[in-house]
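> no sequence for this one, just the structure:
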């Protein structure tokens, strides 16, 4: 680079965009996935299971999700 050149792209920043688009397209798939998980675990009423402490939800950062993957399997 020379002193007179201008940088048009931020330097030192990288990132990935795995998916583009709105979240609305993903909601039906998420809904069916949650239904299957609940059916597999025998939970018929999610709110009751959460109140009893039988089910819980955690917020996971992308880096935590990568670290918990078994043998590189990504969900």
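Received it, and whenever you're ready, just let me know what you need. Note that the coordinates shown come from a computational prediction; the quantities given were computed from them, not determined experimentally.
> Name the SS class of residue 54, please.
On the three-state scheme (DSSP: H, G, I helix; E, B strand; the rest coil), residue 54 is labelled coil.
> What number of residues are in the vicinity of it?
12 (other C-beta atoms under 10 Å). Heads up, the C-betas are built off the backbone N, CA and C, glycines and all.
> Check residue 55 too.
Counted with other C-beta under 10 Å, residue 55 comes out at 16.
> element containing the residue nearest to it when sequence neighbours are not counted, please.
What sits nearest to residue 55 in space, not counting adjacent residues and going by C-beta to C-beta, 6 or more residues apart in numbering, is residue 49, at 4.0 Å. Assigned by DSSP states H and E, residue 49 belongs to helix 46-52.
> Show me which positions of that helix end up buried.
residue 49 (16 or more other C-beta atoms under 10 Å).
> what does it contact?
Outside helix 46-52, the residues within contact range by C-beta atoms under 8 Å, 6 or more residues apart in numbering are 38, 43, 55-57.
> what do you get if the cut-off is 7 Å, keeping everything else the same?
38, 43, 55-56 (C-beta atoms under 7 Å, 6 or more residues apart in numbering).
> Going C-terminal from that helix, what's the next secondary structure element?
helix 62-68.
> which of the contacts of helix 46-52 count as buried?
residue 55.
> Among the contacts of helix 46-52, which one sits closest to residue 64?
residue 56 (15.6 Å; C-beta to C-beta).
> From residue 28, how far out is the closest one?
24 Å (C-beta to C-beta, to the nearest Å).
> Same question for residue 34.
11 Å.
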